[in-house]
Structure formats: C-alpha cells, structure tokens
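J.: here is a sequence together with a model predicted from it:
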Amino acid sequence: MQDIQPLKNWSMIKDTPIAIAGPCSAETEEQLLATCRQIKENIDVSLLRAGIWKPRTRPGSFEGIGEEGLKWFKAVKEELNMPITTEVANAQHVELALKYGVDVLWIGARSTVNPFTIQEIADALKGVDVPVIVKNPINPDLALWMGAIERIYNSGIRNIAALHRGFSSHQKSKYRNEPMWSLAIALKSELPNLPILCDPSHIAGNRDLILPISQKAIDLDFDGLMIETHYDPTNAWSDAAQQVTPERLAEILNTIKIKQSSS
Ligand code: PEP
Ligand code: MN
C-alpha cells in the first residue's frame, strides 16, 4: 500500500494533525447548521462530521434522519464552504452519500467487523474517487481492521485513513471503549504510510476524558482527531454524555501540545 495518499494530499485537508468535528447525529437542519456554524466561529477544523444512518446497539432509540439529512449537508457546505463526512454501512448509503456530494465517507466499527459488509461497500466504491476513513472493529482484532482497509484499497481507493475509536470490553472501566493503544501502534507499524486518526469521543464515553485521550493520541503521533461536538450536548439525541460544545472543542484543541517535529 505504498501509494496510500498522506492526509496532506487529500484535497480538502491541509494540515496535520487534522481536526474533524460535528455532532454524533444530524438531528434537525437547525441543529446541524447551528452546530457547524459555531464550530467554524470558534476554531479551524478540516472536516465536519454528522451521522445520518446511526447504528444503535438496541432498537427504539434514534436511528438517524436518513436521506433527508443529506439535503441539510448541502446547505451546510454552501454556507460554510467546508467539507463534510458521514458514516456509510451499505451500498445504498454509498450511492446516496455520493449523489449528495458528501466529501469523505467513514466506515463505522460495527461495519468493520463484517467482511461481507465491507466488501459490499468496497464494490460500491469501484471507480469512485472519494476519501474513506475506516474505524477499527468493535472487537480488538487487528487482522479484521487491516482486512477492511485492504478491501477498500483493492476497490481502487487511495485516500484512506484508519480511525482508532477503542474496543468493546465487558470489564468495568472508566472508558466506554478500551483504548488498547498497542493495537493502533501495531497498525501503524504494519501500514506505515496509512494516516491514523483518533476518535477520543467514543473511547471516552464522557466529555471529561476527551482532552487526556486526545493528548495521548497526539503524543503517539496520530495524524488527527475526530471529536463529537454539539451545540447543546446534554440534549443530543445520541451520545449525549460524550459530546462537547464548540467552545469546549476550541479549548481542547488549543490546549493539546503538539511536539515540534525534529526534521
Ligand atoms: C459515530 O461516530 O457516531 C459512531 C457510531 O461511531 P462508532 O462506529 O465508532 O461506534
Ligand atoms: Mn456517536
């Protein structure tokens, strides 16, 4: 995978480490627009995020707004002139996201575990030029994470990044998902050209841990962070405990210390 493109060569991303921010879910047009506006007012981020199709663990909670939300993305992009990413979990999601001009696709942890799902997504990406972020599988299985990245690569995509969001565990812990940093480090050594991002929000499960997890990722030379950000986190329709306000996002990003490169 020598020809994987570094993040700096992704057309919409200029800096490393990069910051990706936005709500867990797009809820209403007003919520999405107001959140993204406030992010832009507070801090420079490279890419906005919002989930349209939400993989909820149990039925009965908000499962995402669906295609309607992709129309809101257009309004956000036009007003703020910023790129946006969303999760895709099947071929129809890929087709719709591309139809509405979503700039970057991400594959969620519950999809990365399933080679059938990943192959379906990879097949839908054949002949398409769009960056893809591949989250780790929910279980700590490096081969499964690499296999998903390879399937996306084999479909012809060259702008690929991995995203570390922690791993499920039945043990009681301060984390929602155990970071198990050694797995992400192992991925970095197996695929040294592959950009790797960290999602401290899903590792933490609560907003108090976002800063230390982000700092740890940057200390480990991760290429960027994806941080769930909502204009009214406590009333969010999904992942309310772990989202931060745009003001807090700016504080977190301004507090993180970035090592000066020695070269
Ligand atoms: C998300 O980013 O909102 C999400 C559902 O993530 P994950 O696949 O990491 O659980
Ligand atoms: Mn979420």
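T.: Thanks, I have the structure now. Ligands and ions are numbered 1, 2, ... in the order given.

J.: pick out the residue of the chain closest to ligand 2.
T.: Nearest residue of the chain to ligand 2 (CB to the ion) works out as residue 24 at 3.3 Å. Placement of C-beta: from N, CA and C, glycine included.

J.: which non-adjacent residue is nearest residue 177?
T.: residue 166 (2.9 Å; CB to CB, 6 or more residues apart in numbering).

J.: ok, the closest residue to the residue of the chain closest to ligand 2 other than its chain neighbours - contacts?
T.: Leaving aside its sequence neighbours, residue 24 sits nearest to residue 239 (CB to CB, 6+ apart; 4.0 Å). By CB atoms under 8 Å, 6 or more residues apart in numbering, the residues touching residue 239 are 24-25, 201-202, 228.

J.: hmm, residue 101 and residue 77 touching each other?
T.: Yes - with contact defined as CB atoms under 8 Å, residue 77 counts as touching residue 101 (7.1 Å).

J.: these two: which is more packed in?
T.: Ranked by neighbour count (other CB atoms under 10 Å), residue 77 and residue 101 place residue 77 first, with 18 against 13.

J.: what are the phi and psi values at that one?
T.: The phi and psi values for residue 77, taken as degrees, to the nearest 10, are phi -60, psi -40.

J.: show me where this protein has its helices.
T.: 29-42, 67-80, 91-99, 109-112, 115-124, 142-154, 181-190, 200-204, 210-219, 246-255 (DSSP state H).

J.: of all these, which one comes closest to residue 57?
T.: Comparing those against residue 57 with CB to CB, the closest turns out to be helix 109-112 (8.6 Å).

J.: the closest one close to ligand 1?
T.: Yes - Helix 109-112 is in contact with ligand 1 by CB under 6 Å from any ligand atom, via 109-110.

J.: likewise stretch 128-146?
T.: Yes - counting by CB under 6 Å from any ligand atom, ligand 1 has neighbours in stretch 128-146: residue 135.

J.: contacts only, for the residue minimising distance to the centre of the chain.
T.: With distances taken as CA atoms, centre = their mean, the residue of the chain nearest its centroid is residue 226 (5.3 Å). The contact partners of residue 226, by CB under 8 Å, 6+ apart, come to 20-21, 49, 133, 163, 197-199, 201.

J.: format these as CSV; extra columns: neighbour count and pLDDT.
T.: Formatted as CSV, the contacts of residue 226 follow (neighbours: other CB atoms under 10 Å; pLDDT from 0 to 100):
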residue, neighbour count, pLDDT
20, 26, 98
21, 29, 98
49, 25, 98
133, 25, 98
163, 27, 98
197, 25, 98
198, 28, 98
199, 27, 98
201, 29, 98
